[in-house]
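Colleague: From the sequence below, what's the structure:
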Amino acid sequence: MIRYSYNRGLSWINYATYCANFDFVCFTQCDLSFHSQADARLTQEHINCEMTPNSKFSSHAYAVLLKNCITNVESTTGKGLHCSIIKRGGCLDLFAWNVLLNMYVKMDLLSDARNLFDEMLERNEVSFVTLIQGYSQALQYVEAIELFVRLHGEGHELNPFVFTTILKLVVDMEQAELGWNIHACVYKLGHSTNAFVGTALIDAYSVCGLVDMARGVFDGIASKDMVSWTGMVSCYAENDYFKGALELFSQMQRVGFKPNNFTLASLFKACVGLEAIDAGKSVHGCALKTRYEIDPYVSVALLDLYTKSGAIEDARRVFDEIPKKDVIPWSFMIARYSQSNWCNEAVELFHQMRRALVIPNQFTFTSVLQACATMESFDLGRQIHCHVLKVGLDLDVYVSNVLMDVYAKCGRMDNSVELFLESSCQNDVTWNTLIVGYVQFGDGEKALSMFLDMHEDQVQATEVTYSSVLRACASFAALEVGIQIHSLTIKTIYDQDVVVSNGLIDMYAKCGNIKDARLVFDVMNKRDVVSWNAMLSAYSMHGLGGEALRIFKRMQKSDIRPNQLTFVGVLSACSNMGLLDQGRGYFTSMVQDYSIEPCIEHYTCMVSLLGKLGHLDKAVKLIEEIPFEPSVMVWRALLGACVIHNDVELGRVSAQRVLEMEPEDEATYVLLSNIYATARRWDNVASVRKRMKRRGIKKEPGLSWIENQGTVHYFAVGDSSHPDIKLINGMLEWLNMKSKKAGYVPDCNVILLDVEDDEKARLLWVHSERLALAFGLIRMPFGSPIRIIKNLRICVDCHAVIKFISSIVLQEIIIRDINRFHHFQDGVCSCGDYW
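Modeller: Numbers count the residues shown, from 1 in each chain. Reported below is the predicted structural model:
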């Protein structure tokens, strides 16, 4: 915007200067307006010229009248004057013909302008440049270039006015690299020291990112003016040479130039790039002294400075002081509120904007709808949707995309799909919004189906697409599909994208393939904190605490600073391995060395660690020391420890606390019943079951799934619908027989139904994970790992029998339950029987 504005200024200055060099009379807007008497005199002169056959033809008078038509945008009057000129013989001088040509160009009547140009008996550089500018503004670049070639071919002078015009043209064409050729011509003709030409060259080189070339041109300008200095400062700021912009500004001040609005806007951009809020405040002071703080460009740049520096309140003070007749500052401030998660403030400002009678545009609606999506405010989003429909912006692709996001985040996927189908202009963001919505809604299969449709429609996937579908694969352990998507990313530019690589690590880890997750991590060219956390959490989730801690030590040696999530993974690894001293050490280091305040997840890990090692009193004491209300996860961790160490009373208290927070949590009833059963307190077991029955609480049916050759097979408890059920039942009978011979004894306390023990033992063998395991043993190649996902916590009996089975079938069995991964191999589980 800055470049466009001051280049337009240059074009007018060059035009005036050029006309002066040829002794033309140039009329400024003030000259043309004069007083009403002068206008009346000129109009009367025109009338007299038409009405009196022998009156003297005044080219000067016609030029003035034509300039008035340009100023007042009166195309009909201008055409009338042209007709009068033709009737009187068309005896205009070249200056007046150029004014007439300029009138047609300014009125966007390019066809008429070209006809006039072709009929002109005499043309000069101004004639050509006027029409070139018209073609450029109409984006008819081929015609503009052809005119320039003709100008040169007819031998007209290539002066500064011509060069500034053609340089602006190549920038508008996004062919700024042609500036090299034009620069050579400028140099040969001795115009390289001209300030106007030099500034235009700086602009062209800036667009190409050739900052050093631009600086060379700047240094060669003999007499630098305000526009030259501003052009170079802007060049530095636009190309991220932020320090250079500030240093050049200091030189500019030393030679006596004061900044204008475009200089200040570029300086604010440089301060944002350097994250130099103090320097930005100094420039703000300069803007206050020069009264430019109310300029539209400067005020928006100021808002950008303070919002990106996190000083939202300072930005609001600036906003309150600047003129707000235009929609731009309103839209900008609403957008920054939304992006900074100040969503209520964004909505309130939108209401103020409506009360101020400022009409919102598509950018305003996009920003306020983004706030609605973040707040998951369905009612407010629907109201703004109605407003969008009233003003006719519902077909705008950006507004439509954000509306889809609002409905998706509010769980209204049907509304989101309806908008998707109604959209006449779908881009990659449109597809991504729906895919991400399905993933967040927990419908990974529909997300993958949308991805296939997107691929078939030849819409280019982005890093958001790939990371989202990888997350969908991770949600239901579709490893083979995930591998195919990985192959797709390798064929694109996203194979080394950090976000996609992080998604791959997460996908492989959650699909049970920790080795490939590590391989992706090792080949990454660049890692961020999410990359390290993903790998660390993956090892911890798989029970490989030693590897997790080694990753953390590597992270400490890198330039990436650990955050809260990092220490959740570290403490979880210590808990899994039973490393009490190291866990305490990391907990202390987190606070003292990294200034990270412990959150509830950190305390949960420490309670789990203490409980696993049997320090139940210390775990209770730690819970009492938590500076905020302990969450349900803390009490569940303590309850799990009580189950392992058979502490009935503390288990009862822990279960009571969990049920106070989540009265319908069936897993807690089951664990409490198991504690009583282990202690042979059958009355209490019966009491728990009666309480569950009275409250209508039923154990959530177990569901397990396993992938084979790209197809995911689902199994529910007692499921007999699978086509291979006869083979599955036969495999289960064989496993039952072999495991009993190996020493397996069924734990019937897991079954809470009031039936005989024989029936309980039979019911244990139709648990969903055992059905999935039997299918995997039948259909998957011998020796390949069997990966199973379960929606609930794996029961104690299934955990025990699968350890036996892993030593019988001599295969690695990997089961992911709601808490973690269990790697069963050679009769041992990676969780150490604690989960």
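
Colleague: Show me what counts as buried in the helix or strand encompassing H152.
Modeller: Assigned by DSSP states H and E, H152 belongs to helix 141-153. By neighbour count on 16 or more other C-beta atoms under 10 Å, the buried set for helix 141-153 is 141, 143-145, 147-148, 151. (Glycine included, C-beta is placed from N, CA and C.)

Colleague: all helices for the stretch 401-550 of the chain, in order.
Modeller: Using DSSP state H, counting those that start in this stretch, the helices of the stretch 401-550 of the chain run over residues 413-422, 428-440, 444-456, 463-475, 479-490, 498-510, 514-523, 529-541, 545-557.

Colleague: Could I get the ones you listed in CSV, plus columns for distance to V207, mean pLDDT and mean neighbour count?
Modeller: CSV is the format used below for the helices of the stretch 401-550 of the chain (distance: least, C-beta to C-beta, whole Å; pLDDT from 0 to 100; neighbours: other C-beta atoms under 10 Å):
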stretch, distance to V207, mean pLDDT, mean neighbour count
helix 413-422, 37, 92, 16
helix 428-440, 26, 94, 23
helix 444-456, 33, 93, 18
helix 463-475, 26, 94, 24
helix 479-490, 32, 93, 18
helix 498-510, 28, 95, 25
helix 514-523, 36, 95, 17
helix 529-541, 34, 94, 24
helix 545-557, 40, 94, 17
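
Colleague: export these to a markdown table and tack on distance to M353?
Modeller: Listed next are these as a markdown table, based on distance: least, C-beta to C-beta, whole Å:
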| stretch | distance to M353 |
| --- | --- |
| helix 413-422 | 24 |
| helix 428-440 | 25 |
| helix 444-456 | 35 |
| helix 463-475 | 30 |
| helix 479-490 | 42 |
| helix 498-510 | 34 |
| helix 514-523 | 47 |
| helix 529-541 | 36 |
| helix 545-557 | 46 |
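
Colleague: Which stretch among those helices approaches H351 most closely?
Modeller: helix 413-422 (23.8 Å; C-beta to C-beta).

Colleague: Which elements pack onto that closest one?
Modeller: helix 397-409, helix 428-440 (3 or more C-beta pairs under 8 Å, 6 or more residues apart in numbering; DSSP states H and E).

Colleague: The last one to helix 444-456, inter-axis angle?
Modeller: The reference is to helix 428-440. 160 degrees (axes from the mean of the first three to the mean of the last three C-alpha atoms, to 10 degrees).

Colleague: Please export the alpha-carbon coordinates of helix 428-440; PDB is fine.
Modeller: Provided in PDB are the C-alpha atoms of helix 428-440 (Å, rounded to 0.1, in the frame of the first residue of the first chain):
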ATOM      1  CA  ASP A 428      -8.000 -25.500   0.100                       C
ATOM      2  CA  VAL A 429      -9.100 -23.700   3.300                       C
ATOM      3  CA  THR A 430     -12.700 -24.800   2.600                       C
ATOM      4  CA  TRP A 431     -11.800 -28.400   2.400                       C
ATOM      5  CA  ASN A 432      -9.400 -28.200   5.400                       C
ATOM      6  CA  THR A 433     -12.100 -26.600   7.600                       C
ATOM      7  CA  LEU A 434     -14.400 -29.600   7.000                       C
ATOM      8  CA  ILE A 435     -11.600 -32.100   7.500                       C
ATOM      9  CA  VAL A 436     -10.400 -30.500  10.700                       C
ATOM     10  CA  GLY A 437     -14.000 -30.300  11.900                       C
ATOM     11  CA  TYR A 438     -14.500 -34.000  11.400                       C
ATOM     12  CA  VAL A 439     -11.300 -34.800  13.200                       C
ATOM     13  CA  GLN A 440     -12.200 -32.600  16.200                       C
END
